[in-house]
Structure formats: C-alpha cells, structure tokens
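any chance you can model this:
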Amino acid sequence: MRTLTTNALLGGLAILLGSAGTRADEWPQWMGPQRDNTWREKGILDKLPAGDMKPVWKAPIGGGYAGPAVAAGKVFATDLVSKDDVKVDNFSRGKFTGNERVLCYDEATGKQLWKHEYPVTYSISYPAGPRVTPTVADGKVYFLGAEGKLICCAIEDGKIIWQKDLKEEYKTKSALWGYASHPLVDGNKLICLAGGEGSHVVAFDKDSGKEIWKAGTAKEQGYCPPTIINAGGVRQLIIPSPDSVVSLDPETGKQHWTTPYEATNGSIIMSPLVIGNYLFIAGYSNKNLLLKLAKDKPAVEVVWKDQNKTAISPVNVQPLVKDGVVYGFDQSGELAAVEIPSGKRLWTTPEPLSKRPLGSGTAFIVRHEDKFFFFTETGFLVTGTLTPKGFTETSRAKLLPPTNNAFGRDVLWCAPAFANKRVYVRNDSEIAAFDLSK
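Now for the predicted structure:
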C-alpha cells in the first residue's frame, strides 16, 4: 500500500515490538496498529462460512457509533445508556440525557472487567452514543465522549489517571455531530481536536494530561482525525478543519502551511491519504481536494477540488490506497476506484453493500494480504478483491443485525476491529467476537 498516512513512530514501534516477540495481533486504536486499516496477522481464513456466523462470545452494550479497540487481552468500548429515544435520524440538535460509559471486556470470554459511567446531556445530531474508538498505548487507554469528555484509564484495573472536559476547558461547544475525531498518540503526546479560540488542536502529555501546546482557531472542531505524514523532508501533522487544511509541526504546533478549503457542515471525516507526492482529502456534499506536496520543503499546491463527477467524496467510510489507486465509498453509496492524480473514476459499483446505491452507504474496508474485508451497515462481513478493473465478492456471512436508523433504513455504523484471528463488532445492544482463523 503506497501511503504515508501512517504515524511513522507507531509503525516503527510496532516493528520493534514484533521483533521482540510481543503480540503483534492487536487493534489498539481506530484503523488498527498503524492507522491504515491493514490487518497483518497470518493464519486467517480465505472464505467466510455462508449464513449466520456463531460468535465466540457476545456481551451486552448500549448505543453508540464507536468501534472497539483490542489490546493486552482486553476489548475496550464506549456506549450511551438512556431512557430517551435516541434513535433519531435527523440533522437537528435535540436534547437527550443519559450516561456515557467506558467499558472493558476480557478478550477471551467477553466478561466485563471494569467500567466507568457519568451523566451526559447530548445536544448533537444522531445522538445514539459516542463516536470515537478508544486508543490504547503504554498501559493506558484513552476515551473521548460525544460531548468532549476525555478520560485516561489504566488498562489493568480501569483506574482513572486523568480526565478533562474539552468543552469546558476550551470554552467551546460540540460540533453538529459531536466529538468524533480519533485522538492520535505521538511519542509522549495525545493529540486531539478540542475547539475554541487558539485551541482547535491540542497536544496533551499522554501520561499526565498536561497541555503541551495548542494551535489554530476554526469555526467548529470538525471530525477529521489528526494525521502525521512524512513529506518535504519533515514530519507534518495534517489537520483538515471546517475552513482550511493546515500542516503543523507535531512537536510544537507551529504552522508549516495552510490552504483555504470549505467543508460542508465541517464534515470531512476521513483521514487524509498520501499517494506518491499527492495528498487527498474529501467529505460530505461532493467535497474533495487533491494537493501536491512539495519535495524539498513543507508546502502544497492545489491540483483540483470539488470534482462531483470524478474522484469520490467519502462520508462514513475511510478509503484505502493500493498501488496508487484510491478505493472507497462515495457519499452516493457507490464503491469506486479512483486514479490519482487525474481523479478519474476507473469503475463504480453499489456492491458489496447492495444492488443499488444507498445514500451515505457504509461498508468499512480493511485490507488483509491480497483480499479485503467489508463490514456492511446491514451487519454482514464480506470478503472480496479490489483491482483497477473492478470489485469481486468471494464470500459473505451475517454477524449482527443493524439496530440504528438513518435515511429511513436500518443501519449498523460501527467500525470493526481485527485481532487475535478474530473480528470484533458491536451494534446498539451487543458486542461480539467471531473466529476468522483457518
């Protein structure tokens, strides 16, 4: 996969840990160990059994969109329990009350080991629960709630080490769809989108919670995860905000460059992709942007933007890069292959999700060797191949029923985790593990 969106430090650390004999089959954060949606474990089955798969275990859970994280023999998740009817499909900011919870399960059995809960009032759209996958690093796990509650716990016993209320500390309010940007661990830092004046992005000491630096002001937090790339001879922290794309020095927060770019409702959700010398960013309402990265210094120039008949505009699904081609779901619900730098669509298909396109159709994509796993909003796990010539489905199995709703249909919008030769998935009532070993 020709992409530099991986955090170089985490990638190198994963290699060192693997060579030392430490378990490498974990999914400790959003998009996996290297934040690239690639599952590198060996001994995985080639085809799924047809029909309904039987789980290794399942356990109760409340509502939410946040996928699980798997590390150190544990599964970490977040949810919302509420007496309100929070399955609301709209763009309004209703008021809903309940308790957000941070949860830890035994990876082998699904037994709940510990939890914390706290009262919360949601004033966000799609108020089913938290959005952010937990992040595990160095014996700690970090949880970010939909209204900006940031908690650091010891993974062994759940002891709270430090916590913050980002809205209160930085004098801001939640974005329309809440806090949904996955924090990034970089060295001793936990980098988060906070919001507020001069604090759009904040780096905390990951062990103490002390602020190390803060930078930028935007009209809203946005949803795009902080992403580190290597380009122009330096490490660059890329932050797409609702009104610009910014590159910062990850050590100091000092700005390298910025380019204006208007994101509809602030909703660029994907992590930026590097393809050769190009940076691709896109989001809701036919928004997309291709930047050319300078080779000799941290700088960019705009190649094209807002191509609504070419390229793609992802919403819920992170696209991937394979051999210089971007594969991903457009907001129309079609899976497409896009050539870079032309932006030309090589092909489109509504599969593996459906026989016809579904608006904001969602099937989370994870690469494993020469095949891809797709976890669809209908609760199926699908395997298939992606090439510049097309998509070919090879197998599918039902894992969980969809328990939420959007656009008048039942949906399951929670990213899966792949570890220990298993896939871990959740909906709004249960979390489960399924065996994928040969």
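
which SSE is immediately downstream of the lowest-mean-pLDDT helix or strand in the chain?
When each helix and strand of the chain is scored by mean pLDDT, DSSP states H and E, helix 8-19 comes last, with a mean of 40. Next helix or strand after helix 8-19 toward the C-terminus (DSSP states H and E): strand 57-60.

need the contact partners of the following helix or strand past that following strand.
For strand 57-60, the following helix or strand on the C-terminal side (DSSP H and E) is strand 69-71. By CB atoms under 8 Å, 6 or more residues apart in numbering, the residues outside strand 69-71 that reach it are 26-30, 75-77, 107, 133-136, 141, 155, 417, 419-420, 424. Yep, even glycine has a C-beta here, placed from its N, CA and C like the rest.

these in helices, which ones?
Judged by DSSP state H, the contacts of strand 69-71 include no members of helices.

so Ile151 sits against Val102, correct?
Yes. In terms of CB atoms under 8 Å, Ile151 counts as a neighbour of Val102; the distance is 6.1 Å.

overlap in contacts, those two.
In contact with both Ile151 and Val102: 116, 143, using CB under 8 Å, 6+ apart.

more neighbours: which of these two?
Legend: neighbour count by other CB atoms under 10 Å for Ile151 and Val102, higher for Val102 (25 against 21).

okay, and that one sits in which element?
strand 96-106.

can you give me the helices in this protein?
Counting by DSSP H, the helices of the chain are 8-19, 166-169.

how distant is the shortest one from the center of its chain?
Relative to the centre of its chain, helix 166-169 is centred 22 Å away, using CA atoms, centre = their mean, to the nearest Å.

before we move on, what about stretch 374-386?
17 Å.

ok, stretch 304-324 next?
16 Å.

buried sites along that stretch?
By neighbour count on 16 or more other CB atoms under 10 Å, the buried set for stretch 304-324 is 305, 307, 311-322.

so which of those residues belong to strands?
Judged by DSSP state E, these include 305, 320-322 as members of strands.

from these, pick the one nearest Glu41.
Leu320 (17.4 Å; CB to CB).

distance of that closest one from Thr378?
21 Å (CB to CB, to the nearest Å).

same deal with Lys438?
Taking CB to CB, one finds Lys438 at 26 Å from Thr378.

so which of those two has more stuff around it?
Neighbours around Lys438 and Thr378, counted as other CB under 10 Å, are more numerous at Thr378. The numbers are 22 against 8.

excluding its backbone neighbours, what's nearest the more buried one?
Closest residue to Thr378 apart from its sequence neighbours, by CB to CB, 6 or more residues apart in numbering: Pro402 at 5.9 Å.

next one: Ile161
For Ile161, the spatially nearest residue (CB to CB, 6+ apart) is Cys152, at 4.6 Å.

the one you found: what's it in contact with?
When the contact criterion is CB under 8 Å, 6+ apart, the partners of Cys152 are 140-142, 160-163, 190, 206, 209.

redo these as JSON lines? Include distance to Glu369, pLDDT and neighbour count.
As requested, those are arranged in JSON lines below (distance: CB to CB, whole Å; pLDDT from 0 to 100; neighbours: other CB atoms under 10 Å):
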{"residue": "Lys140", "distance to Glu369": "31", "pLDDT": "98", "neighbour count": "19"}
{"residue": "Val141", "distance to Glu369": "29", "pLDDT": "98", "neighbour count": "24"}
{"residue": "Tyr142", "distance to Glu369": "30", "pLDDT": "98", "neighbour count": "27"}
{"residue": "Ile160", "distance to Glu369": "40", "pLDDT": "98", "neighbour count": "11"}
{"residue": "Ile161", "distance to Glu369": "38", "pLDDT": "98", "neighbour count": "16"}
{"residue": "Trp162", "distance to Glu369": "39", "pLDDT": "98", "neighbour count": "17"}
{"residue": "Gln163", "distance to Glu369": "40", "pLDDT": "98", "neighbour count": "14"}
{"residue": "Leu190", "distance to Glu369": "32", "pLDDT": "98", "neighbour count": "25"}
{"residue": "Lys206", "distance to Glu369": "32", "pLDDT": "98", "neighbour count": "24"}
{"residue": "Gly209", "distance to Glu369": "39", "pLDDT": "98", "neighbour count": "16"}
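
ok, these vs Val274, which is closest?
Closest to Val274 out of the contacts of Cys152 is Leu190 (22.7 Å), distances taken as CB to CB.

in contact with the residue lying farthest from the centre of the chain, which residues?
Seen from the C-alpha centroid of the chain, the residue lying at the greatest distance (CA atoms, centre = their mean) is Asp296, 30.6 Å away. By CB under 8 Å, 6+ apart, Asp296 lies in contact with 232-233.

tell me how far it lies from Asn277.
Asp296 is 11 Å from Asn277, by CB to CB.

then Ser271?
Counting by CB to CB - Ser271 and Asn277 are separated by 18 Å.

neighbour count for the two, which is higher?
Higher neighbour count among Ser271 and Asn277: Ser271, with 25 against 15, using other CB under 10 Å.

I'd assumed Gln318 was in contact with the more buried one.
Yes. Ser271 is in contact with Gln318 according to CB under 8 Å; the separation is 6.1 Å.

shared neighbours of the two, anything?
Residues touching both Ser271 and Gln318 (CB under 8 Å, 6+ apart): Met31.

can you list the domains in this protein?
The record assigns the chain these domain ranges, following automatic domain parsing: 12-36, 40-61+314-438, 66-179, 181-268+270-302.

could you tell me the least trusted of these?
Among the domains of the chain, domain 12-36 carries the lowest mean pLDDT, at a mean of 67.

OK, contacts around the residue nearest to Lys149 when sequence neighbours are not counted?
Spatial nearest neighbour of Lys149, chain neighbours left out: Asp165 (5.9 Å); criterion: CB to CB, 6+ apart. The neighbourhood of Asp165, defined by CB under 8 Å, 6+ apart, consists of 148-150.

which one of those is nearest Lys58?
Lowest distance from Lys58 to the contacts of Asp165 (CB to CB) belongs to Lys149, with 26.9 Å.

where along the stretch 151-300 of the chain do the strands fall?
160-165, 184-186, 189-193, 201-205, 211-215, 227-231, 234-241, 244-248, 255-260, 273-275, 278-283, 287-293, 300-305 (DSSP state E, counting those that start in this stretch).

I appreciate the help and will end here.
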